[in-house]
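S.K.: generate coordinates for the sequence data below:
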Amino acid sequence: MSTTGRFFRPFFINIGLCRMKAFKVILLFLSVAAGVSAQTNGLTDMSRSKFSRMTNTELGSVRWTNGFWGERFSVFGETTILSMWKTWNTPEVSHGFRNFEIAAGACPGEHWGPPFHDGDVYKWLEGVAAVYAVDKRPELDRLMDYVTGYIARAQREDGYIHTPVIIEERNKGIDTHRKSHPVIGTGVGDGNEKGAFANRLNFETYNLGHLMMAAIVHHRATGKHTLLDVAIKATDFLCRFYETASAELARNAICPSHYMGVVEMYRTTRNPRYLELSENLIDIRGMVENGTDDNQDRIPFRDQKQAMGHAVRANYLYAGVADVYAETGEKLLMENLESIWKDIVTRKMYITGACGALYDGTSPEGTCYEPDSIQKVHQSYGRPYQLPNSAAHNETCANIGNMLFNWRMFQTSGNATYAGLVENCFYNSILSGISLDGKKYFYTNPLRISHDLPYTLRWPKERTEYISCFCCPPNTVRTLCEAQNYAYSISREGVWCNMYGGSVLKTKLPGGDKVKIVQVSDYPWDGNVRLTVEAAGKKPFSLFMRIPEWCGNATLTVNGERVNGTLAPDTYTEIHRVWKKGDRVELAMPMEAVLMEAHPLVEENRNQVAVKRGPLVYCLESIDIEGGKRIDDVLIPAGIRLTPERMTIEGSPVVALRGTALLAENAPWEGTLYRPAGRANRKVNIRLIPYYAWGNRGKAEMTVWMPVVK
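M.R.: Numbering: from 1, shown residues only. Below is the predicted model:
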């Protein structure tokens, strides 16, 4: 297949000249960055994206002060990132950082660990940079300097960086500082399977995507170019690769984190070559022969209307395409994203916002796209409404990908539904991936754990400090360390309040006026939110207050006077005025525990209910059932009264729910598959805890969905 034409056209006729121009553009951009609007320093920078409604607040402009997120951020920022650094820096446990030391020539050795370990280190480093942006602790700056120094030394002169290949080259005596290498254009099966991009299971582009994001966050948090220079060289290498590679070799891009990374590199450097690469990456997926749903390349993206295949790779792809749309405005991209999004949230997503029901299964879309082609898939979306509880895979990375997808959809639209799903993922399917002490992790997030399950699932039922597939822990760390960057957004109209919690926002609006807002709230335990304006310019601007979908009777006041109008659930309410110091906005959102039911086609949840209070999904652990009864013995009365109760788990304050349920009185199930239905007359006291907090008090059974008695 030709490597020129529509999909593989060269970006520039004179590559050498282009590189020089690009370098000058980058230097010019970086030299004037201080004079650009502060919103260019956000987690993502959509300040100049033509098809974005808003952009992130700049890194460091939002600080959690107290309450839920303040307590969690102190754990993540003070315990988690350093605990993970101990893991990286203990070669007997993990070679994540040691691989960079070997690749840099600092010590001898062999590569050890999965090929995506480089990306895991980059994710962790991004989390460290996000914490540093808030608290400016010198020891974190020194730690980042130390790590980035080895990363920079490990990079080849031509920009390529992937420690498995570079370590092998060093051990073979190949000079990694040569400007050109023979491995770039080779194909699979020519004896060079370990060369650059020769093996799609090497996860090179996945690692590069996380390098790009880590470098950008590090640069925006510190002002330093050390890691950004590495990312620029790596992105240039990627551009050259796609300009010269065969179609077969170009498809070797598993788990497309680099879609988001390449677009953000364009936003950072304004190098048009990077934007064109991001568009071509979508085109390339339409050229692959014999593609797979696992790699999201069997069906060209512009033909995809439903979610399919490996859930992490799918959600990363959707988030990356949303980034491309924000820059290009291609209507078909957004039409497909909206169709896929609807398929996820109405037929394939768990109540917690988790995605990827199946560890192993078959592609649900074979009968839709290719009637004679049904493929085996892995860690993937299942059929519509196929949402098992005990066997739910729900990889934390997929849940993070769902959040990133919804966040970008929100930024391009201002639709509160997307922001609500961002919140849902944070509270219920991302926080669940880490222990309350900030040191142990889940890879999967099932909604039910039973001691009687007669088979072993792929991953441990308890959180552990280190697992062989370590992609989720650092992804969880960087995402939660960045949560404050999702609390507010900035648009031409004003400030959007997305996630509530005790915080301080200090920023500039697009017109240049300085704004400082202090928020006091015990959310998500309490629905009362108070915002006090401590600084504002003379020009009017709007505050957009999000009314969550679960809140049907919110009230809103400004300086004690009620705001007129309908505060509809799942919308933003706009307050437009000239603000002055001392102005006070108060939002009251009554929180009641609500029994939730699933669509009747979700067969495993028929005649069962889950419990939500505010944004939180709750669960029942066996240790919270009176008398030590099993979770299978508990039935929930339809009219149950659940009373909030404050408690502490692993040093972290939570609000539990107490109530009286019923017990099923039957003989044991051992050796029995079916039996006559029994009665439930005996009462039993139960306590429900937030789902994210389960598994922090030792081994226990757990369930989110429980049988209901009407």
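
S.K.: ok, longest strand in this structure?
M.R.: strand 652-665 (DSSP state E).

S.K.: what helices and strands are in contact with it?
M.R.: For strand 652-665, the contact count by 3 or more CB pairs under 8 Å, 6 or more residues apart in numbering; DSSP states H and E identifies helix 67-75, strand 608-613, strand 634-637, strand 643-649, strand 679-690, strand 706-709 as packing neighbours. The way it works is simple: take the backbone N, C-alpha and C, and place the C-beta from them, glycine included.

S.K.: tell me the angle of the fifth one relative to strand 643-649?
M.R.: What it means is strand 679-690. Orientation of strand 679-690 against strand 643-649 (axes from the mean of the first three to the mean of the last three CA atoms, to 10 degrees) gives an angle of 50 degrees.

S.K.: helices or strands up against strand 679-690?
M.R.: Going by 3+ CB pairs under 8 Å, 6+ apart, strand 679-690 lies up against strand 616-625, strand 634-637, strand 643-649, strand 652-665.

S.K.: quick one: low-confidence residue ranges for the stretch 201-350 of the chain.
M.R.: Scanning the stretch 201-350 of the chain for pLDDT under 70 picks out 201, 245-255, 286-297.

S.K.: can you pull out the helices in it?
M.R.: For the stretch 201-350 of the chain, the helices defined by DSSP state H, counting those that start in this stretch occupy 204-222, 226-244, 247-250, 257-269, 272-284, 311-328, 331-343.

S.K.: R697 is nearest to which of these?
M.R.: The closest of the helices of the stretch 201-350 of the chain to R697 is helix 311-328. By CB to CB, the value is 29.2 Å.

S.K.: how far does that closest one sit from the chain's center?
M.R.: 12 Å (CA atoms, centre = their mean, to the nearest Å).

S.K.: how far off helix 272-284 does that helix point, in degrees?
M.R.: Going by the same axes, to 10 degrees, helix 311-328 is angled at 130 degrees with respect to helix 272-284.

S.K.: and the angle for helix 311-328 with helix 204-222?
M.R.: Using the same axes, to 10 degrees: helix 311-328 against helix 204-222 is 60 degrees.

S.K.: tell me the buried residues in helix 311-328?
M.R.: In terms of neighbour count (16 or more other CB atoms under 10 Å), helix 311-328 has its buried residues at 311-328.

S.K.: may I have the strands that pair with the longest strand of the chain, each with its orientation?
M.R.: If you go by DSSP bridges, strand 652-665 pairs up with strand 634-637 (antiparallel), strand 643-649 (antiparallel), strand 679-690 (antiparallel).

S.K.: ranges for the helices of the stretch 451-600 of the chain?
M.R.: Using DSSP H, counting those that start in this stretch, the helices of the stretch 451-600 of the chain run over 472-481.

S.K.: hang on, the earlier thing: which one of the helices and strands packed on strand 652-665 lies closest to N445?
M.R.: Once those are compared by CB to CB, strand 679-690 is nearest, at 13.3 Å.

S.K.: adjacent strands (with direction) for the helix or strand following the closest one?
M.R.: Toward the C-terminus, strand 679-690 is succeeded by strand 702-703 as the next helix or strand (DSSP states H and E). With DSSP bridges as the test, strand 702-703 is paired with strand 448-449 (antiparallel), strand 616-625 (antiparallel).

S.K.: what's the last one in contact with?
M.R.: Judged by CB atoms under 8 Å, 6 or more residues apart in numbering, the contacts made with strand 616-625 from elsewhere in the structure are 351-352, 427-428, 447, 524, 593, 610-612, 628-631, 633-634, 656-657, 684, 686-692, 694, 697-698, 700-704, 706.

S.K.: again, only using 6 Å
M.R.: 351-352, 427-428, 524, 611, 631, 657, 686-688, 690-691, 694, 700-704 (CB atoms under 6 Å, 6 or more residues apart in numbering).

S.K.: same check on the shortest one?
M.R.: Strand 448-449 is contacted from outside by 389-390, 461, 701-703, using CB under 6 Å, 6+ apart.

S.K.: pLDDT check: weakest of those?
M.R.: In terms of pLDDT, K461 ranks lowest among the contacts of strand 448-449, with 78.

S.K.: residue contacts, that residue?
M.R.: The contact partners of K461, by CB under 6 Å, 6+ apart, come to I449.

S.K.: center of the chain, which residue is that?
M.R.: I400 (2.3 Å; CA atoms, centre = their mean).

S.K.: does that residue belong to a helix, a strand or coil?
M.R.: Under DSSP: H, G, I helix; E, B strand; the rest coil, the three-state class of I400 is helix.

S.K.: I figured it hits T479, correct?
M.R.: Yes: with contact defined as CB atoms under 6 Å, I400 and T479 form a contacting pair (5.2 Å).

S.K.: what touches both of the two?
M.R.: In terms of CB under 6 Å, 6+ apart, I400 and T479 are both contacted by the residues I430.

S.K.: which of the helices of the stretch 201-350 of the chain sits closest to W64?
M.R.: Using CB to CB, the nearest of the helices of the stretch 201-350 of the chain to W64 is helix 204-222, at 16.2 Å.

S.K.: check the offset of that closest one from the chain's centre.
M.R.: 15 Å.

S.K.: what stretches of the chain score poorly on pLDDT?
M.R.: In the chain, residues with pLDDT under 70: 1-39, 176-195, 199-201, 245-255, 286-297, 362-375, 454-455, 457-458.

S.K.: OK, contacts around G261?
M.R.: 209, 212-213.

S.K.: and the residues you listed as a markdown table, adding distance to K440 and neighbour count?
M.R.: As requested, the contacts of G261 are exported to a markdown table (distance: CB to CB, whole Å; neighbours: other CB atoms under 10 Å):
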| residue | distance to K440 | neighbour count |
| --- | --- | --- |
| G209 | 26 | 28 |
| M212 | 29 | 30 |
| M213 | 25 | 26 |
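
S.K.: now, among the residues you listed, which is nearest to E157?
M.R.: For those, the nearest to E157 is M212 (19.1 Å; CB to CB).

S.K.: which non-adjacent residue is nearest the closest one?
M.R.: Spatial nearest neighbour of M212, chain neighbours left out: G261 (3.2 Å); criterion: CB to CB, 6 or more residues apart in numbering.

S.K.: OK, contacts around the residue nearest to the centre of the chain?
M.R.: By CB under 6 Å, 6+ apart, the contact set of I400 is 430, 475, 479.

S.K.: can you redo those as JSON lines with neighbour count?
M.R.: Listed next are the contacts of I400 as JSON lines, based on neighbours: other CB atoms under 10 Å:
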{"residue": "I430", "neighbour count": "28"}
{"residue": "N475", "neighbour count": "28"}
{"residue": "T479", "neighbour count": "27"}
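
S.K.: hang on, the earlier thing: of the helices and strands packed on strand 652-665, which is nearest R137?
M.R.: helix 67-75 (12.3 Å).

S.K.: what number of residues lie near the nearest residue to N56 once chain neighbours are set aside?
M.R.: In this structure, N56 finds its nearest non-sequential neighbour in G42, 3.0 Å apart by CB to CB, 6+ apart. Around G42 there are 22 other residues, counting by other CB atoms under 10 Å.

S.K.: contact partners for G42?
M.R.: G42 touches 55-58, counting by CB under 6 Å, 6+ apart.

S.K.: how far away is it from N485?
M.R.: Noted for G42: a distance of 7 Å to N485, by CB to CB, to the nearest Å.

S.K.: find residues that contact each of the two.
M.R.: Shared contacts of G42 and N485 (CB under 6 Å, 6+ apart): N56.

S.K.: leaving out chain neighbours, which residue sits closest to E101?
M.R.: Nearest residue to E101, sequence neighbours excluded (CB to CB, 6+ apart): C107, at 5.3 Å.

S.K.: the one you found - how many residues pack around it?
M.R.: 9.

S.K.: next one: G628
M.R.: The tally of other residues near G628 (other CB under 10 Å) stands at 7.

S.K.: and the closest residue to T557 other than its chain neighbours, how many neighbours?
M.R.: Computed as CB to CB, 6+ apart, the closest residue to T557 that is not its neighbour in sequence is E586, at 4.9 Å. E586 has 18 neighbours, counted by other CB under 10 Å.
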